[in-house]
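Peer 1: model this:
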Amino acid sequence: MNEAFSNIFENIKQDPQNRWYTQQGIEPLYTAGHNARILVIGQAPGRIAQQTRTPWNDRSGERLRSWMGISYEDFYNPQKVALLPMDFYFPGSGKSGDLAPREGFAQKWHPQLRAFMPHIQLTMLIGKYALSHYLGLPKSLRITEVVREYEHYAPDYIPLVHPSPRNQIWLKKNPWFEKEVIPQLQNRVAQILTTEPSCQTNG
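Peer 2: I've put the predicted structure just below:
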């Protein structure tokens, strides 16, 4: 199984779409493990994450782990939590933040990685790109409306706003999120991580 993951990792590096990054010595940034039970789908690594080779290595990550009610060790244990952004490379900075993930990247690589993670019980979708791709929603979607209807996507998915400090105003305007959604998320995460994965494997 480790060989399968290693092969995908090397294929990502050798893909012509990622040639510039590979030539710069930059490797794809994500975590995945065969026994992972929770899958976090984010946007793309930030500059700090790429430089430190650690996904969610910033204030957004601190808030995300707080929302999940999870320890640092469990969050970065790929046999418990897989971290797959919509693009595995930092896309660069724009006028109002990081640029969007590249089109078609997740469509190409996520299915290959997910095929070797048969125990996923919950997929956390963070931000409009993940919501649009996994829920088949238009990119013009209003994230607030989707997150309000989080129970509609249970138990397989839970839609979330990005935990970035940039969303502090949104959190203040929508107190229901931390009062209603976060407790449900924490209960689900705790339930999943205290239950051993089944012995069933795919293939």
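Peer 1: which SS state does the residue nearest the centre of the chain fall under?
Peer 2: With distances taken as CA atoms, centre = their mean, I41 lies nearest the centre of the chain, 2.1 Å away. What DSSP: H, G, I helix; E, B strand; the rest coil gives for I41 is strand.
Peer 1: hmm, it is touching D87, no?
Peer 2: No - look at I41 against D87 with CB atoms under 8 Å: they stay out of range, at 11.2 Å. From N, CA and C alone the C-beta is placed, and that goes for glycine too.
Peer 1: what sits in contact with each of these two?
Peer 2: Listed as contacting both I41 and D87 by CB atoms under 8 Å, 6 or more residues apart in numbering are A106.
Peer 1: follow-up on the earlier one: ok, now how distant is the residue nearest to the centre of the chain from F88?
Peer 2: Distance, I41 to F88, by CB to CB, to the nearest Å: 12 Å.
Peer 1: what about the strands in the protein?
Peer 2: Using DSSP state E, the strands of the chain run over 38-42, 81-85, 93-94, 97-98, 122-126, 157-160.
Peer 1: so, low pLDDT: which residues of this structure?
Peer 2: Counting by pLDDT under 70, the chain contains low-confidence ranges at 1, 197-203.
Peer 1: for it, identify the residue most remote from the centre.
Peer 2: Distance-from-mean max, the chain, by CA atoms, centre = their mean: Q23 at 25.6 Å.
Peer 1: got a list of what that one touches?
Peer 2: Counted by CB under 8 Å, 6+ apart, Q23 has zero contacts.
Peer 1: can you check I48 too?
Peer 2: Residues near I48 by CB under 8 Å, 6+ apart: N57, D58.
Peer 1: neighbours of the nearest residue to T144 once chain neighbours are set aside, how many?
Peer 2: The shortest distance from T144 to any non-neighbouring residue, by CB to CB, 6 or more residues apart in numbering, is to N174 (6.5 Å). Counted with other CB atoms under 10 Å, the neighbours of N174 add up to 17.
Peer 1: and for the one 4 residues further on?
Peer 2: Neighbourhood size, E178 [other CB under 10 Å]: 13.
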